[in-house]
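1. Fold the following for me, if possible:
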Amino acid sequence: MTASSCRVHLDWDNFRHNLRLLKSRGKTLLPIVKADAYGHGVLRASEELTALGIGWAAIGTLEEGCAVRDHGYNGRIVSLLCRTLSPADVRLAREKRIIPLIHSEQGLNAAADAVRAESSETPLPVAVKVDTGMARLGFRTEDMERVAAFFAENPGLYPVLMVSHLSVADVPEEDAYTRMQAERFARAAEIMRRRFPSMLTSLGNTAGLMSHADTMGDICRPGLAVYGYNPLFGTSREGDCEGMRPVMSVTAPLISVHPLHKGESLGYARAYVAESERLVGWVAIGYADAYRRNPAPGTCMCVNGVRVPVIGRVAMQMTCIDLTDLPEKPSIGDDVHVMGGPGHAVTAQDLAEWWGTIPYEVICLLGKNTRA
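-> Model (predicted):
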C-alpha cells in the first residue's frame, strides 16, 4: 500500500497536559484509547498512561487490548467493544489480563459456558454494562436483580466494574435526562453491590466528569478531552472544560503554485472561476486521505500561520488553496497545515463545522494517515 503525502504530527506533551488537567478533578480516570486512540496511536498512548501512573485504559476489541498489553502496559485494560465470548476469547482475556465487557443475556450465558469449558478455579474479571438511557448496549435497570443473581450462581465470572454511558451530558439543556441516567445507574449499582460490594462503577464521560462529577461513579472515562478538544464547546458550560491542548496536527506539501487569470476556472466541474487575478496552490491531500470532498464555503488551511481559503472541488489526492493575499508567498515543497500548527490554526472543531460532523470523526479519520 502506498502511503499518502500528508503527515500526522502528535504532541505528546499536550497529551500529558490534558490528562493532568483531567486528573485534577479528583476522580480515577479510565481514558478511552479505543480506535487506535482516536487516530493518535494506541501503543504510544499506553506508554504515556504508564508514565503518568494511570492504572486503567479502555480499548475497543480484545485484539487491541492484547497489543496494548504486549507493548508493556501493566494497568487494567477494559475491552468496551467485546463480542460474545468464546472459550478462545476467555483464554485470551485471562492470559492478557483484559477485562471483557458483558452487555446482554446472550453474552452472560456464553461467558459462563466458556469459563466452565476452561475448567479454571480462578474467576474471570468482567465489566457489566447497564443501559440507563442510551438504548445502545447494556442490561436494563429492571433486569439487574436477575443479572446479580446470575453472577452469584456462576462464580467463574466476577464483576469488577459496572459501566453505563451518558447520552447528553454535553448538552446543558438536557441536565434532567443526565440526572435521570445517574439515578438509574445508582439503583443498578446498589443492586449489584449487595452481592459484590467491591465492584467499582463508571458512568461519566468527559462532560460528565467536568460538569456532574459527584454523580459519575468511582471512575470516569474521558475521551475527546484527552486529545485536546472540548466536548462542551459552544454550550453555556464551555468554560468547564477549558485549557485542553490539541495533540494532533496534520500537514501536506504544496506541490504546485501558479497564477489563475480572471475568468479562468480550475478543478472538476469548473467549480471555481476566478473573478480577478489569483495565485493558487495545490496541496497533496484529498478525499483519499480523509479530507472531505465537499467542505462548506469558508473552509481554510494555514500557510505560515495565516489562513487561506480552500477553493474548487477537493480531488482524490489534491486540494486547491488561494494564496493571493499572503504577505509572503510560499514555495513548492512547503508544508501547509491542514489542521493545527502555528498562528491562526485550523482546529478539529473548525473542520467538523465545515464538514458537518464532530471533532471525533475528524481526528479518527485524519489520524489514519502516515505519522511523522
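
2. what about dumping the CA coordinates of the lowest-mean-pLDDT helix or strand in the chain to CSV?
-> Lowest by mean pLDDT, DSSP states H and E among the helices and strands of the chain is helix 206-211, with a mean of 90. Output in CSV follows, covering the C-alpha atoms of helix 206-211 (Å, rounded to 0.1, in the frame of the first residue of the first chain):
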residue,chain,number,x,y,z
THR,A,206,-15.5,14.0,29.8
ALA,A,207,-18.6,16.2,30.0
GLY,A,208,-19.9,14.2,33.0
LEU,A,209,-16.6,14.5,34.7
MET,A,210,-16.3,18.2,34.2
SER,A,211,-19.9,19.2,35.0
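
3. Please compute how far that helix lies from its chain's middle.
-> Offset of helix 206-211 from its chain centre (Cα atoms, centre = their mean, to the nearest Å): 15 Å.

4. Could you do stretch 292-312 as well?
-> Distance, centroid of stretch 292-312 to centroid of chain: 24 Å (Cα atoms, centre = their mean).

5. tell me how far the ends of that stretch are from each other?
-> With Cα to Cα, to the nearest Å applied, stretch 292-312 spans 12 Å between its terminal residues.

6. May I see the buried residues of that stretch?
-> Buried residues in stretch 292-312, defined by neighbour count with 16 or more other Cβ atoms under 10 Å: 292, 295, 299-304, 306-312. In short, each C-beta sits where N, CA and C put it, glycine included.

7. Check stretch 47-55 too.
-> For stretch 47-55, by 16+ other Cβ under 10 Å, it's Glu47, Glu48, Leu49, Thr50, Ile54.

8. Would you check which pair of the buried residues of stretch 292-312 lies furthest apart?
-> Arg292 and Asn304 (23.8 Å; Cβ to Cβ).

9. Run the chain-centre distance for the longest strand belonging to the chain.
-> For the chain, the strand with the greatest residue count under DSSP state E is strand 248-260. Distance, stretch centre to chain centre, for strand 248-260: 28 Å (Cα atoms, centre = their mean).

10. Determine the set of other helices and strands touching it.
-> strand 7-10, strand 278-283, strand 335-339, helix 359-366 (3 or more Cβ pairs under 8 Å, 6 or more residues apart in numbering; DSSP states H and E).

11. next structured bit after it?
-> strand 265-266 (DSSP states H and E).

12. on that earlier part again, strands paired with the longest strand of the chain, and their directions?
-> Sheet pairing here is set by DSSP bridges, and for strand 248-260 it gives strand 7-10 (antiparallel), strand 278-283 (antiparallel), strand 335-339 (antiparallel).

13. Output the helix or strand that the last one is followed by in PDB, but only the C-alpha positions, please.
-> It refers to strand 335-339. The first helix or strand that comes after strand 335-339 along the chain, using DSSP H and E, is helix 348-355. The C-alpha coordinates for helix 348-355 follow below in PDB (Å, rounded to 0.1, in the frame of the first residue of the first chain):
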ATOM      1  CA  ALA A 348     -10.600  19.800  14.500                       C
ATOM      2  CA  GLN A 349     -13.700  21.800  15.700                       C
ATOM      3  CA  ASP A 350     -13.400  24.100  12.700                       C
ATOM      4  CA  LEU A 351     -13.100  21.100  10.300                       C
ATOM      5  CA  ALA A 352     -16.100  19.500  12.000                       C
ATOM      6  CA  GLU A 353     -18.200  22.500  11.400                       C
ATOM      7  CA  TRP A 354     -17.100  22.800   7.800                       C
ATOM      8  CA  TRP A 355     -17.700  19.100   7.200                       C
END
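
14. Run the chain-centre distance for helix 348-355.
-> Put simply, helix 348-355 sits 15 Å off its chain's centre (Cα atoms, centre = their mean).

15. what is the rounded mean pLDDT of that helix?
-> Per-region confidence: helix 348-355 scores 97 on mean pLDDT.

16. Any chance you could list what contacts that helix?
-> Helix 348-355 has contacts (Cβ atoms under 8 Å, 6 or more residues apart in numbering) with 229-230, 233, 246, 248, 292, 295-296, 298-300, 339, 358-359, 361-363.

17. same question, stretch 14-33
-> 38, 40, 42, 45-46, 48-49, 51-52, 54-59, 68, 78, 80, 202, 204, 206, 209-210, 213, 216, 218-223, 225-228, 243-247.

18. Now, those that are in helices?
-> Among those, the residues falling in helices (DSSP state H) are Tyr38, Val42, Ala45, Ser46, Glu48, Leu49, Ala51, Val68, Thr206, Leu209, Met210.

19. what's the neighbour count on the closest residue to Ile191 other than its chain neighbours?
-> Leaving aside its chain neighbours, Ile191 sits nearest to Met144 (4.4 Å; criterion: Cβ to Cβ, 6 or more residues apart in numbering). Counted with other Cβ atoms under 10 Å, residues neighbouring Met144 total 20.

20. Met144: what secondary structure?
-> helix (DSSP: H, G, I helix; E, B strand; the rest coil).

21. Verify the stated contact: it with Met192.
-> Yes - if you go by Cβ atoms under 8 Å, Met144 and Met192 touch, sitting 6.3 Å apart.

22. quick one on the thing from earlier: among the buried residues of stretch 292-312, which are in strands?
-> Using DSSP E, these in strands are Cys300, Met301, Cys302, Val303, Val306, Arg307, Val308, Pro309, Val310, Ile311.

23. so the third one bridges to which residues?
-> To tie it back to what came earlier, the one meant is Cys302. Arg307, His337.

24. List the contacts of it.
-> Val308, Val336, His337, Gly341, Pro342, Gly343, His344, Ala345, Val346.

25. Pull out the buried residues from those.
-> Buried, going by 16+ other Cβ under 10 Å: Val308, Val336, His337, Gly341, Ala345, Val346, out of the contacts of Cys302.
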